[in-house]
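Student: sequence first, then the predicted structure, then my questions.
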Amino acid sequence: GDEAKVGDSKNTNEKQGVSFSHASSPAQTPLQVPNSIPRITSIPYLASSARKAVMHHRDDVFGAHKVIPHVTTENAVRLLLPSRSTSRYGSIISSNMKRVDLPLVEATSTPQGALSPHPPSPIDFPSRCISVAKRLFRRDNTALFVVSALATILLIAVDQIWIGLQDVWMAAMVGYEDIDGDYHPRLFWGKFFASAFRVALVIAAVTVTQKIAPEAAGSGIPQLKAVLAGEVKLDAFLSLRCFVGKIIGTSLALGAGIPIGREGPFIHLAAGLAAVIRKQCFKSAISKRRLLCAGAAVGIAACMGTAIGGTLFSIEVTSITFVVSYYWSTFSSAICAFVINAFLQQELKALGIVPLFSTKFKEVEMGEFTILDLACMALLAFMCGLLGPLFVTLHAEWVKARRKIRAAALQTCCSVFCSKVIFAGIVATVYMMVCWSVGGPLLYPERLVADDLVNPGNMPHYWNAGYGEELHLLLYAVIYFFFTIAFVTLKLPAGIFAPMFVTGAALGRLMALLLSRILGPLGTARVACFALLGGAGLTSSVTQTFSAGLIAYGLTGMEGLLLPVLLVTLISCGIAMQLSHNIYDNSCLLKHIPLLLVPSSHQSLRIYAKDLMEDICDNYVVDSEPIKVSELTALLHAVKSQSPIPVIHSEGHPLLVGSIPHQMLAVLIEACKVAGRQEVSMRDKDVVPLIDQCPLVLNKDANLQKIAFLFHTLRAEYAFVVDMGQAVGIVTRRHLIEFQEDHSHLY
């Protein structure tokens with residue numbers, strides 16, 4: 001193409017302000033507009049970025065030994081833009097480049113399109129090795145390794161703290177260990193001390209969490225999901241204070257042995273540690289979002305002991321849309337955490353400290369699965385697929401009921417803090433009374449029960465004492481199911497993965513025992529396999545993640561279990577997706593976290609932009625003629641939602657030509673008042689930069705799914721609704737979130 005002829009541009013950044021006046025009235029007093037007003041220079045930035053891309057990455061574009069000695073702005077854009085759009089943007093780029101204060105490279109007499117050959121140079125292996133080493137140990141990779149190592153060590157230390165707390169009340173409750181390795185409980189006072197100690201730990205966890213950092217309560221996954229989506233800036237959620245409160249609260253809550261998990265708190269801890277390390281050491285080396293994604297994967301990989309399943313689970317539960325370029329850093333951080341965790345667990349095992357539960361399927365012969373076995377597994381998956389939405393629904397109803405109870409408590413002159421602590425103490429006391437009355441496995445920690453359920457072999461004596469194994473399994477699953485709902489809503493750190501896995505494992509083992517009565521003995525390995533599949537199915541149904549099956553499969557290491565695990569996960573997760581949203585999105589709706597979700601219901605395809613928009617009415621600015629300052633002032637006060645004001649061509653032809661932000665209109669009005677101006681034109685050469693000439697627009701017939709996806713992907717705050725190019729309304733993020741809260745069944 002022809003060379004871009006650009007005139008000399010003046011550097012306006014060195015001035016105290018930008019003066020502008022109407023072109024037709026030079027005698028009027030010029031207006032002084034602050035330099036802080038952002039200019040809309042999308043086309044000039046495109047041109048300069050294109051030219052820089054060609055200059056700095058010419059090897060990637062034109063080959064290994066080709067260079068372009070002279071590149072003009074227009075030629076660069078011609079190379080990077082489609083050919084059919086070059087003629088459209090060429091003149092615009094040439095005329096608008098004067099707004100960007102960047103040095104321009106003037107073309108010489110080199111023929112257009114000519115490429116000067118670069119002489120080949122011999123390969124320098126030492127230099128190449130040094131270059132590779134520099135890339136490998138650059139600061140962003142160093143930040144990922146530091147976060148992986150420190151987070152894994154920290155999480156293992158937290159594990160040993162709460163395991164030590166559980167050993168304290170276990171020693172008080174358990175009297176002795178017989179020759180078979182079974183534990184026998186003490187008499188009344190041992191059980192009483194153990195129960196009182198556990199209630200005290202729950203109260204201490206709530207107290208510490210509320211006093212140090214109330215943001216540390218819960219799993220932290222819904223808040224992290226909103227942060228990664230760019231919806232909100234929760235600085236307190238990733239602060240050092242919240243990080244310390246999460247460590248103490250998680251250790252106390254898990255040490256009490258109540259029905260809560262550790263995957264959510266561990267993800268929050270790893271992400272919080274990543275944010276603290278980045279702020280102190282690597283703020284300019286790596287983006288915050290990339291490091292938080294890696295931290296979430298490190299937390300679940302160190303918690304579950306699986307790199308692949310942990311990476312996928314962290315992506316599924318913390319991201320609506322995932323940046324693929326972050327996948328390498330996320331997965332490599334998870335692998336690093338997995339390796340460090342495996343090494344430290346072996347060292348702890350050598351010292352006599354038993355790690356968390358792991359399966360022993362490698363030591364037994366599983367055999368081939370028949371069609372009847374797969375049919376029974378599908379039946380188990382169907383049951384888990386129904387229980388997951390039931391859990392989410394009951395969780396939502398319990399949260400609403402708890403809020404009513406707390407409101408009634410506040411009316412009795414009880415403070416908010418006291419109401420939270422008293423309510424936690426009541427729930428913990430009721431749970432201890434139920435465990436004491438039922439007995440059996442409810443008196444033992446969750447980690448020991450999970451180890452009993454998913455491993456082949458005979459169950460310990462406490463599963464057969466009193467009611468029998470089948471009834472104990474049923475009571476354990478029912479009690480754990482309902483009390484998990486009660487405990488995860490308390491103001492303490494709590495996850496959902498482990499209690500749902502143990503509950504599903506109990507149901508799966510119960511189903512296997514019932515089938516053995518009908519079809520004959522299944523064998524201890526088959527019974528344990530059903531327990532593992534039940535845990536994976538219920539967890540996948542509640543969280544609506546396929547990676548839950550991969551985590552369960554990673555616990556076994558047997559290739560023969562891959563098909564059953566995927567079958568159960570697919571069926572249970574598919575059924576749950578049709579009946580409700582997952583537990584984390586449900587928490588976002590209940591906590592009023594401003595997270596814009598993408599609806600999955602087919603009904604959202606019949607909801608259009610014209611049904612969601614807010615009518616523009618008379619709230620617009622005309623572009624074709626000057627407008628009075630008094631009218632602009634009235635328009636500014638009429639638009640109270642801080643939404644941008646559309647700029648149309650004329651009242652007779654309301655074609656959308658751009659928009660002016662609410663705050664920019666206020667600055668313009670103030671400048672006009674200072675200068676004594678009575679009217680101003682939107683076509684003034686110095687007012688035009690204040691106008692966004694490329695606003696996001698939607699057709700009036702765009703459906704809700706498309707609108708939500710565009711808002712989430714582009715992180716847009718508003719979009720104008722047009723009909724044949726004419727502005728008819730505006731849709732804002734606030735409107736979409738309000739609609740989402742009122743119509744949660746669509747999401």
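Tutor: Structure received. Numbers count the residues shown, from 1 in each chain.

Student: and for the closest residue to Gly264 other than its chain neighbours, the neighbour number?
Tutor: Leaving aside its chain neighbours, Gly264 sits nearest to Ser219 (2.5 Å; criterion: CB to CB, 6 or more residues apart in numbering). Bear in mind the C-beta positions are built from the backbone N, C-alpha and C, glycine included. Using other CB atoms under 10 Å, Ser219 has 26 neighbouring residues.

Student: let me see the contact set for Ser219.
Tutor: Neighbour list for Ser219: 261, 263-265, 267-268, 488, 493-496, 584, 587 [criterion: CB atoms under 8 Å, 6 or more residues apart in numbering].

Student: got phi/psi on it?
Tutor: Backbone torsions of Ser219, given as degrees, to the nearest 10, read phi -80, psi -30.

Student: and if you look at Gly652?
Tutor: Dihedral angles (degrees, to the nearest 10) for Gly652: phi -80, psi -30.

Student: what does Val434 give?
Tutor: Per degrees, to the nearest 10, the backbone of Val434 is at phi -70, psi -40.

Student: burial count for it?
Tutor: So Val434, with other CB under 10 Å, has 14 neighbours.

Student: where is the longest helix in the protein?
Tutor: Using DSSP state H to define each element, the chain has its longest helix at helix 371-410.

Student: can you pull the buried residues of that one?
Tutor: 373, 376-378, 380-381, 383-385, 387-389, 391-392, 395-396, 399, 406, 409 (16 or more other CB atoms under 10 Å).

Student: against which helices or strands is that helix packed?
Tutor: helix 416-438, helix 469-488, helix 497-519, helix 524-543, helix 562-579, helix 583-590 (3 or more CB pairs under 8 Å, 6 or more residues apart in numbering; DSSP states H and E).

Student: quick one: the first one to helix 371-410, angle?
Tutor: For helix 416-438 against helix 371-410, the angle between stretch directions is 140 degrees (axes from the mean of the first three to the mean of the last three CA atoms, to 10 degrees).

Student: which helices and strands sit right next to helix 416-438?
Tutor: helix 188-212, helix 371-410, helix 469-488.

Student: 6 Å instead, please
Tutor: helix 188-212, helix 469-488 (3 or more CB pairs under 6 Å, 6 or more residues apart in numbering; DSSP states H and E).

Student: ok, now the third one?
Tutor: The criterion is 3+ CB pairs under 6 Å, 6+ apart, and the helices and strands that helix 497-519 contacts are helix 371-410, helix 446-453, helix 469-488, helix 524-543.

Student: again, 10 Å this time
Tutor: helix 263-280, helix 288-304, helix 371-410, helix 446-453, helix 469-488, helix 524-543, helix 547-556, helix 562-579 (3 or more CB pairs under 10 Å, 6 or more residues apart in numbering; DSSP states H and E).

Student: just checking, Glu289 touches Leu228?
Tutor: Actually, residue 289 is Arg rather than Glu. Yes: using CB atoms under 10 Å, Arg289 is in contact with Leu228, at 6.0 Å.

Student: who has more neighbours, these two?
Tutor: Taking neighbours as other CB under 10 Å, Arg289 and Leu228 compare with Leu228 leading, 22 against 15.

Student: circling back: ok, now how distant is the residue nearest to Gly264 from Leu550?
Tutor: Relative to Leu550, Ser219 is positioned 20 Å away (CB to CB, to the nearest Å).

Student: please apply the same query to Ile730.
Tutor: From Ile730 to Leu550 the distance is 44 Å (CB to CB).

Student: who's more crowded, those two?
Tutor: Neighbours per residue (other CB under 10 Å) separate Ile730 from Leu550, with Ile730 holding more: 26 against 23.

Student: from Arg715, how far off is that one?
Tutor: 17 Å.

Student: same question for Thr539.
Tutor: Thr539 is 31 Å from Arg715, by CB to CB.

Student: pretty sure Gly560 contacts Phe369?
Tutor: Yes: in this structure, Gly560 is within contact of Phe369 by CB under 10 Å, at 7.6 Å.

Student: what residues are shared contacts of the two?
Tutor: Cys529 (CB atoms under 10 Å, 6 or more residues apart in numbering).

Student: these two: who's more crowded?
Tutor: Per other CB under 10 Å, whichever of Gly560 and Phe369 has more neighbours is Phe369, with 17 against 14.
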